[in-house]
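Trainee: this one's sequence-less:
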């Protein structure tokens, strides 16, 4: 059987969510998947970016490392894993803009039956990670994904990091991490999504 193909589409401003995305990718690759890591691009005006110290420089660094996600990436993939920092308890506008670009695929049913999963990050405990993950389940359902949460399907889920809805990171201020425990959950999530994607392909 051909290797399952996984798209990890995420937004990261400071690099913390990118770190979690890399861990998800590591878990997916360990299970035999071919992985594309893609960073959604900024959608706010340049004046806003310039008003936050370091934002423009960090965006340039991350954009040089990761291509922007396209609808074609989602078509290519057997599974799509979306990652976002929480913004007032919901998905970042940058990742949501990418998800909104998939409307043409929705109209054709092109994503129906693929595995879909989510991960999130916030700066503090109770900062919105779980509600952000759950808020992403709704567009995944509309697009026809088979939603694959990590659940409590592995011992790493009992170490106090992540949630049954998706891997997560609590970065603190200034941002740091993810921690070893958060990375372990992310790796498991990547592995679990690939395991389900293999079954769906069969």
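Mentor: Structure received. Computed from a predicted structure; not experimentally measured.
Trainee: looking at the chain, which helix is longest?
Mentor: Longest helix in the chain, counting residues (DSSP state H): helix 180-201.
Trainee: tell me the mean pLDDT for it?
Mentor: The average of the pLDDT scores along helix 180-201 is 96.
Trainee: distance of the residue nearest the centre of the chain relative to residue 58?
Mentor: For the chain, residue 83 is the residue whose C-alpha lies nearest the centre (Cα atoms, centre = their mean; 2.1 Å). Noted for residue 83: a distance of 16 Å to residue 58, by Cβ to Cβ, to the nearest Å. In short, each C-beta sits where N, CA and C put it, glycine included.
Trainee: does residue 127 count as helix, strand or coil?
Mentor: With DSSP: H, G, I helix; E, B strand; the rest coil as the basis, residue 127 sits in coil.
Trainee: I'd say it and residue 86 touch.
Mentor: Yes - with contact defined as Cβ atoms under 8 Å, residue 127 reaches residue 86; the gap is 6.0 Å.
Trainee: neighbour-wise, which of these two wins?
Mentor: For residue 127 and residue 86, the more surrounded residue by other Cβ atoms under 10 Å is residue 86, and the numbers stand at 22 against 19.
Trainee: run through the residues that contact that one.
Mentor: 92, 120-122, 127-129, 131-132 (Cβ atoms under 8 Å, 6 or more residues apart in numbering).
Trainee: please repeat the previous calculation with a cut-off of 6 Å.
Mentor: 120, 122, 128-129, 132 (Cβ atoms under 6 Å, 6 or more residues apart in numbering).
Trainee: next: residue 66.
Mentor: For residue 66, the contact set (Cβ under 6 Å, 6+ apart) comprises 37-39.
Trainee: one more: residue 5?
Mentor: Contacts of residue 5 by Cβ under 6 Å, 6+ apart are 34, 76-78.
Trainee: check the gap between it and residue 175 for me.
Mentor: 30 Å.
Trainee: quickly list what residue 85 is bridged to.
Mentor: For residue 85, the beta-bridge partners are residue 121 (DSSP bridges).
Trainee: circling back: how about the residue nearest to the centre of the chain, nearest residue that isn't a chain neighbour?
Mentor: Of all residues not flanking residue 83 in the chain, residue 10 sits nearest, at 3.4 Å (Cβ to Cβ, 6 or more residues apart in numbering).
Trainee: what's the local residue count around that neighbour?
Mentor: 30.
Trainee: make residue 1 into 257 and carry on from there
Mentor: I'll keep to 257 as the first residue from here, and by that count the last item is residue 266.
Trainee: got a ChimeraX select line for the buried ones in the contacts of residue 261?
Mentor: This is how ChimeraX selects the buried members of the contacts of residue 261, with burial counted by 16 or more other Cβ atoms under 10 Å:
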select :290,333,334
